[in-house]
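**Student:** fold the following, please.
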Amino acid sequence: MEITTPVGSILDRKGHQLWSINAGATVYDAIALMAEKNVGALPVMEGSKLLGMISERDYTRKVILHGRVSRETRVVDIMTSDVFTVAPGDSVEDCLEIMTKNHIRHLPVIESGDLAGIVSIGDLVNWIILAQAGRIDDLQRYVTGAYPA
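**Tutor:** Okay, the predicted model is just below:
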């Protein structure tokens with residue numbers, strides 16, 4: 001496990017389960033689904049086509065602060081349309097760079113034109129923590145002579 005590991009490995013580990021919302025749904029429905037599934041963002045889909053992403057951040061900045069009503073506002077009206085995506089072969093480091101540079105917390109992973117999953121900044125940080133713990137364990141075994149020759 002390293003930062004050069006392909007992001008597809010993270011999806012394989014966490015699973016490819018996806019929840020999405022239709023562009024015509026209300027923001028209230030999107031927020032309710034995010035709460036039910038304990039996720040911070042949803043891909044906005046039309047069939048198998050990714051149209052955008054809606055996040056808790058979109059809700060707070062584009063509904064609450066503008067005095068809109070979540071039960072009347074459509075997802076399409078507040079979603080982020082210019083979505084950054086990655087491929088399963090892109091590295092954890094590549095994903096972190098995209099997220100940091102663009103101030104985003106969720107990246108759709110696209111494989112052969114289809115949405116294969118979503119990785120969050122939390123997924124990537126957890127991956128790095130596991131990699132570091134493994135490296136520390138290897139070093140401790142090496143120092144104590146328990147490392148396989």
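**Student:** isn't Ala116 right next to Gln17, touching?
**Tutor:** No - using C-beta atoms under 8 Å, Ala116 makes no contact with Gln17, being 11.2 Å away. (Each C-beta comes from the backbone N, C-alpha and C, glycine too.)
**Student:** ok, those two, which is more surrounded?
**Tutor:** Neighbour totals were compared for Ala116 and Gln17, and Ala116 leads with 18 against 9 (other C-beta atoms under 10 Å).
**Student:** next one: the nearest residue to the more buried one once chain neighbours are set aside from Val92, what distance?
**Tutor:** Nearest residue to Ala116, sequence neighbours excluded (C-beta to C-beta, 6 or more residues apart in numbering): Val109, at 4.7 Å. From Val109 across to Val92, the span is 12 Å (C-beta to C-beta, to the nearest Å).
**Student:** got any residues that touch both of these two?
**Tutor:** Applying C-beta atoms under 8 Å, 6 or more residues apart in numbering, one finds that Val109 and Val92 are jointly contacted by Val7.
**Student:** which ones are touching the residue nearest to Ala116?
**Tutor:** Val109 is in contact with Val7, Gly8, Leu11, Thr85, Val86, Ala87, Pro88, Leu115, Ala116, Gly117, Ile118, Val119, counting by C-beta under 8 Å, 6+ apart.
**Student:** need the pLDDT of it.
**Tutor:** According to the prediction, Val109 has pLDDT 97.
**Student:** is the nearest residue to Lys14 once chain neighbours are set aside in a helix, a strand, or coil?
**Tutor:** Spatial nearest neighbour of Lys14, excluding adjacent residues (C-beta to C-beta, 6+ apart): Asp123 at 6.2 Å. Under DSSP: H, G, I helix; E, B strand; the rest coil, the three-state class of Asp123 is helix.
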